[in-house]
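Engineer: let's see this in three dimensions:
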Amino acid sequence: MGDEGDGVDGDPTVRVRQARADDHEGIVAFTEDTWPDRDVSDYLPRVFPEWIETDGPGQRTFVATVDGIPAGVLQGVLLSEYEAWAQGMRVAPDARGLGLAHRLTGAVFDWAAEQGATVCRNLVFSWNAQGMGTSRGIGFEPVSEFRWVHPEPDADASTATDHTVTDDADAAWSCWRRSDADRALRGLALAPDESWAVRELTREDLRRLADETAVFAVQEDGGGTVGMTYRVRDYEPGEADERIAEYGVAAWTDVPAARALFAAIARDAAAVGADRTRVVIPETARAVSDAAYAGVELGEEPDFVLEADLTGR
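Structural biologist: Reported below is the predicted structural model:
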């Protein structure tokens with residue numbers, strides 16, 4: 001698969017093709033300082049070689065070249081039989097205005113549709129105005145927004161509330177389906193198998209994760225299940241000397257339930273040796289203020305999820 005634009009009358013030649021290992025140096029050249037006005041480093045230089053090594057039926061990395069030099073990159077990943085994810089869109093500053101973002105996205109959309117996907121989503125930091133504008137311009141529409149919260153790992157975390165925490169995946173699923181979080185997030189939560197990606201959460205996901213990682217259902221004495229979450233993974237990112245425990249979504253009914261849920265997360269994170277946590281909650285006034293009231297550290301800004309309809313491609 002490729003998209004080729006031949007230069008005319010001195011115009012540059014633009015081509016989109018599958019990425020190769022020897023593109024790494026060119027990718028690093030325009031991603032070492034992606035956001036110069038923020039204290040945020042770009043993960044692309046570090047993960048690009050792994051992306052190339054792991055490309056296959058469920059993943060495809062594309063590079064846009066200008067006169068043979070890498071000037072843009074985008075990866076597509078299948079998260080389920082019908083859901084695709086687009087990540088890592090970058091375009092070199094001196095190549096902007098050549099339509100590289102449109103060409104790269106079109107290549108990912110076509111590839112994903114060929115694999116059977118009917119929808120493709122992406123994530124944009126809320127502070128990234130250029131990224132939001134580009135995403136809208138290339139066919140993505142806004143779907144939902146979430147915020148990270150960070151309960152402190154604590155083996156002795158407890159609350160004074162009358163709640164019991166179980167690993168009942170079906171109870172957690174029923175709680176999720178009744179929750180405001182499910183409605184606000186349009187059923188989306190962190191994907192079990194792809195970092196920083198969201199897809200529709202399923203009952204089968206929770207049943208599998210109850211065996212593989214951890215699922216929590218918070219039950220109020222005499223009042224049913226009032227909170228839920230699941231651990232997606234615990235890992236050491238990059239070369240950082242720390243371990244992170246990541247939880248796919250947190251849903252609860254009220255502040256006491258939230259306190260019991262975050263205490264369960266704090267104990268679990270300590271049990272896996274995590275130094276800090278990341279937990280997805282919906283970006284609503286109720287959820288964010290509940291978390292603050294429960295004494296949990298809030299992420300500074302929300303993240304936006306957008307999606308594109310692939311049917312008919």
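Engineer: pLDDT weak spots in the stretch 201-313 of the chain?
Structural biologist: Where the stretch 201-313 of the chain drops to pLDDT under 70, the residues are 239-240.
Engineer: ok, which stretches of it are strands?
Structural biologist: Assigned by DSSP state E, counting those that start in this stretch, the strands in the stretch 201-313 of the chain fall at 214-220, 224-235, 244-247, 251-252, 276-282, 297-298, 303-309.
Engineer: return the list of strands paired to the host helix or strand of residue 144, each annotated with direction.
Structural biologist: Assigned by DSSP states H and E, residue 144 belongs to strand 141-150. As defined by DSSP bridges, the strand partners of strand 141-150 come to strand 276-282 (antiparallel), strand 297-298 (antiparallel), strand 303-309 (antiparallel).
Engineer: care to break this protein down by domain?
Structural biologist: Following the assignment in automatic domain parsing, the chain carries domains at 3-117, 146-300.
Engineer: now tabulate those domains in CSV and tack on distance to residue 130.
Structural biologist: C-beta coordinates here come from the backbone N, C-alpha and C atoms, glycine included. Shown next, in CSV, are the domains of the chain (distance: least, C-beta to C-beta, whole Å):
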stretch, distance to residue 130
domain 3-117, 9
domain 146-300, 19
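Engineer: pick the most deeply packed of the ones you listed.
Structural biologist: domain 146-300 (a mean of 19; mean count of other C-beta atoms under 10 Å).
Engineer: tell me how far it lies from the chain's centre.
Structural biologist: 15 Å (C-alpha atoms, centre = their mean, to the nearest Å).
Engineer: that one: end-to-end distance?
Structural biologist: Length of domain 146-300, first residue to last, C-alpha to C-alpha, to the nearest Å: 11 Å.
Engineer: nearest residue to residue 181 other than its sequence neighbours?
Structural biologist: residue 251 (3.8 Å; C-beta to C-beta, 6 or more residues apart in numbering).
Engineer: hmm, the one you found is touching residue 182, no?
Structural biologist: Yes: the pair residue 251 and residue 182 passes the contact test of C-beta atoms under 8 Å, sitting 6.7 Å apart.
Engineer: joint contacts of those two?
Structural biologist: Common neighbours of residue 251 and residue 182, using C-beta atoms under 8 Å, 6 or more residues apart in numbering, are residue 176.
Engineer: tilt between the lengthiest helix in the chain and strand 214-220?
Structural biologist: For the chain, the longest helix by residue count, based on DSSP state H, is helix 255-271. Put simply, helix 255-271 runs at 150 degrees to strand 214-220, going by axes from the mean of the first three to the mean of the last three C-alpha atoms, to 10 degrees.
Engineer: which residues are in contact with helix 255-271?
Structural biologist: For helix 255-271, the surrounding residues in contact (C-beta under 8 Å, 6+ apart) are 149, 151-159, 161, 163, 165, 214, 216, 218, 220, 226-229, 231, 234, 245, 247, 250, 252, 276-277, 279, 290-291, 293-296.
Engineer: repeat that with 6 Å
Structural biologist: The contact list for helix 255-271 (C-beta atoms under 6 Å, 6 or more residues apart in numbering) reads 151, 153-155, 157-159, 161, 163, 165, 214, 216, 218, 226-227, 245, 247, 250, 252, 277, 290, 293-294, 296.
Engineer: now do the helices in the protein.
Structural biologist: Ranges of helices in the chain, per DSSP H, are 24-31, 44-54, 100-114, 129-137, 169-178, 180-184, 203-212, 255-271, 285-293.
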